[in-house]
Each structure stands twice: as structure tokens, then as C-alpha cells.
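Asker: Have a look at this prediction, sequence included:
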Amino acid sequence: GKPDTTSGNKKKITLLGHSLGAAVASLTAASFPEWIDQLVLLDAATFLARDAKDTAEHVRQHILKRQQHYSTQEQQPAQQPRVYPNLERAIKVRQFSATKMPGNQSL
């Protein structure tokens, strides 16, 4: 939830988001920086690297594409979840995806 701004509580939060949730977390942090101590983004959607005027349409197209993908997945046999052979490999994959984002993120 959001920090209590009515009682004078000045405690900030750590906001974490994954995939499209990371994009939403980014927008929230940009809108309310006074609420945020740390922002953690995992496999962040990259539509925020676009012009602000194009963001809403890009989000719409991304969601429609995901809906189409999931509707076709229901008609196919379920895929096994991706399992990495070890923690080191999982970390390397996440580090690689972070290099695709603009800005100065921690790896």
C-alpha cells in the first residue's frame, strides 16, 4: 500500500515490480517520488523508453498482444515452466535482460 501521508508518517517504501508491473512501478515512482526509498525492477517491460505521447498506445498494444498469446496457449498443451540449472544461471539471465533497459540500473 501507499505510505500514510495523512498522519505525518514520512517513512518511504521499497517498490518492486516484475515485467509489466515493473513499468507500472516506474510510473508510480515517477509520479510519487516522495513515497519511494528504493525501486526494484525485474524483467521490466521496455515501453517507457518511448516518447510520453506514445506510451498509452504502446501499453494497449502490449496488453492486447499478451491476451492473444495467452488465448492461443490455452488451446495448446501447457508448457513446463522455465527452470534454470542453478542460481548463477538465473542471475546471468536477469543481468542480461537488465542491459536491454535504458538508464543506469544495478546489475
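Answerer: Noted; the coordinates are in hand.

Asker: Which parts of this protein are strands?
Answerer: Along the chain, counting by DSSP state E, strands occupy 13-18, 36-42.

Asker: Of all those strands, which one is nearest residue 91?
Answerer: Proximity to residue 91 (CB to CB) singles out strand 36-42 among the strands of the chain, at 11.6 Å. All C-beta atoms are positioned from the backbone trio N, CA, C, and that covers glycine.

Asker: Compute the mean per-residue pLDDT across the closest one, please.
Answerer: For strand 36-42, mean pLDDT is 90.

Asker: Which strands or helices does that strand pack on?
Answerer: strand 13-18, helix 20-31 (3 or more CB pairs under 8 Å, 6 or more residues apart in numbering; DSSP states H and E).

Asker: What residues does residue 42 make contact with?
Answerer: 16, 17, 18, 19, 22, 94 (CB atoms under 8 Å, 6 or more residues apart in numbering).

Asker: bridging residues for it?
Answerer: residue 18 (DSSP bridges).

Asker: Low-confidence ranges, the protein, go.
Answerer: 1-9, 45-50, 73-79, 98, 100-107 (pLDDT under 70).

Asker: So which residues of it form helices?
Answerer: Ranges of helices in the chain, per DSSP state H, are 20-31, 52-73, 87-98.

Asker: Understood, closing this out.
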